[in-house]
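>>> Output the structure for:
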Amino acid sequence: MKKTSLIGGIKENIPSGLVVFLVALPLCLGIALASGAPPLSGIISGIVGGLVVGFLSNSNISVSGPAAGLTAIVLTAITDLGAFELFLCAGIIAGLIQLILGFVRAGSISNYFPNNVIEGMLAAIGIIIILKQIPHALGFDKDYEGHESIFDNGLNFGYFTELFGAIQPGAIIVTLVSVAILIAWDKIHVLKRMKMLPGALVAVIASIILNQLFKMAGSSLAIETQHLVSLPVPQSLDDFKNLIVIPDFNGFTNPKVWIVGATIAIVASIETLLCIEASDRLDRQRRITDTNLELKAQGIGNLISSFIGGLPMTSVVVRSSANANAGATSKISAIIHGVFLLICVLTIPVILNLIPLATLAAVLILVGYKLAKPATFKHFWHLGKFQFIPFVATVAAVVATDLLKGVGIGLAISVFYILQGNMKRAYYLSREKLDDADGINIKLAEEVSFLNKAAIKKTLKNIKPNSTVTIDARSTSYIATDVLEMIQDFANIRAKEQDIMVELLGFKTSYRDYERSEDSHILVTHKRAM
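The predicted structure is shown next:
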């Protein structure tokens with residue numbers, strides 16, 4: 001299998017790291033403001049998420065930073081505790097708990113999330129991104145970046161009235177120009193090959209120049225300061241030091257702090273595991289992340305972030321999907337995004353404060369479209385009702401409530417359909433040790449659901465290069481698409497890269513055949529020698 005050198009990896013991932021930096025910057029600031037925390041705390045969390053978690057994690061696509069899903073918890077906690085310094089102690093406690101969860105191997109829970117729920121979560125987040133960025137694209141920046149629900153206190157029609165009354169033509173022009181540049185960079189072959197000059201960077205530069213021209217001409221189209229990125233600009237080293245908040249360690253004697261810390265640890269861990277599962281699906285090479293190592297990395301990241309005044313973090317779907325769409329090939333991209341955050345905040349905050357929020361909204365709207373494109377809905381529709389209903393229910397629930405509640409609803413519906421189908425024994429696996437076996441035989445049972453994904457995934461992950469594997473589905477009438485896609489990814493991608501000989505027996509011609517047919521004879525016999 002071809003290995004990428006560190007220098008080569010850096011060159012390949014600078015463009016994607018830059019794109020993620022441009023996406024992460026307003027998210028870090030907005031989430032900090034919405035959480036009632038100092039603006040720099042969000043940036044610190046983003047830097048630590050990129051440099052520390054990016055280095056320790058073995059996820060190739062996911063990017064960590066302050067999470068919108070924790071905003072309500074953080075805001076309530078800071079209000080109840082009365083001081084941000086006390087809240088930082090809760091962040092330290094959360095980091096310690098996540099470390100413990102990693103060591104007790106709690107990360108394996110992610111294997112039990114079915115793919116239709118994961119895809120539904122991604123599509124819902126795409127819809128939310130689009131809905132939440134449209135106001136910024138129109139020049140209405142009352143709402144902060146990155147919030148995960150559009151129904152915070154019920155549907156607020158007054159908000160829409162205020163939105164349409166605050167539309168700014170200059171912001172619309174910047175948005176349209178940015179979208180045109182981004183689409184051109186994605187569709188025109190010559191521009192698409194210019195990896196060292198990503199479309200997002202060109203769009204940002206063009207928007208700054210365009211707005212400066214509006215200002216020089218005295219045009220009413222000029223975008224005002226309140227609609228631009230807003231970073232603190234320290235004038236001296238002492239000013240910068242004053243922006244960093246240190247924990248008040250007396251908080252460790254406060255029972256409320258421990259309760260907040262435990263709450264953050266649980267919610268952040270679940271969101272991270274959901275994002276990791278989604279990120280692995282966004283990875284073109286279908287590499288599998290060690291979720292227990294990820295929990296340890298998140299724990300260390302939260303410890304460091306809290307010690308130096310940063311917000312708690314998770315692996316974040318928005319940044320991770322932007323990372324994948326920008327062509328990231330390894331975790332070096334996440335590290336590069338952290339380096340950009342650190343350098344720019346220290347050196348050129350004045351320049352960054354010239355960026356219109358409208359152009360960043362354009363970047364995020366296209367990211368949202370790629371997550372929620374109609375082809376995804378069409379794909380699950382063709383898979384049948386047992387896949388489509390949990391998928392679309394997850395989409396609706398996440399949009400209407402929040403990520404955790406929505407995923408919980410999707411899981412409940414998926415389990416209902418599994419129970420309705422009278423799930424029987426999972427699958428049969430040869431008892432030979434993988435290390436000593438001449439040939440590895442995996443015999444699937446009559447019904448294989450997403451609940452069996454963890455065991456099969458672990459077996460496939462432990463198969464060594466140059467092995468011979470037979471996966472027998474001749475007695476199988478139903479295989480969940482989660483498992484079927486995982487087997488296909490193994491046979492078509494990883495097996496080819498690691499010289500693994502794979503023989504697939506009895507797999508049927510389409511996904512739908514596994515829903516409506518009890519026939520167990522061989523329709524397709526596939527043997528591929530690598």
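>>> so where's the stretch 401-530 of the chain shaky on pLDDT?
Applying pLDDT under 70 to the stretch 401-530 of the chain flags the ranges 419-438, 509-530.
>>> all helices for it, in order.
403-420, 453-462, 481-489, 495-497, 513-516 (DSSP state H, counting those that start in this stretch).
>>> ok, residues contacting stretch 200-210?
18-19, 22-23, 173-174, 177-178, 181-182, 185, 326, 354-356, 358-360, 362-363 (C-beta atoms under 8 Å, 6 or more residues apart in numbering). The C-beta positions use only the backbone N, C-alpha and C, and glycine is treated the same way.
>>> tell me which residues in stretch 283-292 are buried?
283, 286-292 (16 or more other C-beta atoms under 10 Å).
>>> Report the distance from that stretch to the chain centre.
The chain centre lies 13 Å from the centre of stretch 283-292; the measure is C-alpha atoms, centre = their mean, to the nearest Å.
>>> Correct me if wrong: L228 contacts T359.
No: the pair L228 / T359 is not scored as a contact, 10.1 Å apart, by C-beta atoms under 8 Å.
>>> Include distance to I389 and mean neighbour count when you put the helices of the stretch 401-530 of the chain into CSV, please.
Below are the helices of the stretch 401-530 of the chain laid out as CSV (distance: least, C-beta to C-beta, whole Å; neighbours: other C-beta atoms under 10 Å):
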stretch, distance to I389, mean neighbour count
helix 403-420, 6, 18
helix 453-462, 19, 16
helix 481-489, 13, 20
helix 495-497, 33, 15
helix 513-516, 12, 16
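>>> Export those helices as a markdown table, with columns for distance to L303.
Formatted as a markdown table, those follow (distance: least, C-beta to C-beta, whole Å):
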| stretch | distance to L303 |
| --- | --- |
| helix 403-420 | 23 |
| helix 453-462 | 29 |
| helix 481-489 | 34 |
| helix 495-497 | 36 |
| helix 513-516 | 46 |
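>>> Only the buried residues of stretch 176-188, if you could.
So, applying 16+ other C-beta under 10 Å, buried residues of stretch 176-188: 177-179, 181-182, 185.
>>> Ok, stretch 36-53 next?
Going by neighbour count (16+ other C-beta under 10 Å), the buried part of stretch 36-53 is 37-38, 40-53.
>>> hmm, which two among those residues are most spread apart?
Using C-beta to C-beta, the pair of the buried residues of stretch 36-53 lying farthest apart is P38 and V53, separated by 21.0 Å.
>>> before we move on, back to that, quick one: which of the buried residues of stretch 36-53 sit in helices?
The helices, defined by DSSP state H, take in 40-48 from the buried residues of stretch 36-53.
>>> Can you list the neighbours in contact with the helix or strand containing L346?
Counting by DSSP states H and E, the element that carries L346 is helix 332-347. Contacts with helix 332-347, where a contact means C-beta under 8 Å, 6+ apart, come from 6, 9-10, 12-14, 16-18, 20-21, 24-25, 28, 40, 43, 46-51, 53-55, 57, 62-64, 231, 240, 319, 323, 326, 328, 352.
>>> got the CA positions of stretch 293-309 in CSV?
This file holds the C-alpha atoms of stretch 293-309, laid out as CSV (Å, rounded to 0.1, in the frame of the first residue of the first chain):
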residue,chain,number,x,y,z
LEU,A,293,-8.3,6.7,20.7
GLU,A,294,-10.6,9.5,19.6
LEU,A,295,-12.2,9.8,23.0
LYS,A,296,-8.7,10.0,24.6
ALA,A,297,-7.6,12.6,22.1
GLN,A,298,-10.8,14.7,22.8
GLY,A,299,-10.2,14.3,26.6
ILE,A,300,-6.7,15.6,26.3
GLY,A,301,-7.9,18.4,24.0
ASN,A,302,-10.5,19.5,26.5
LEU,A,303,-8.1,19.4,29.3
ILE,A,304,-5.6,21.7,27.5
SER,A,305,-8.3,24.0,26.1
SER,A,306,-9.9,24.5,29.6
PHE,A,307,-6.5,25.1,31.2
ILE,A,308,-5.8,28.0,28.9
GLY,A,309,-9.3,29.5,28.7
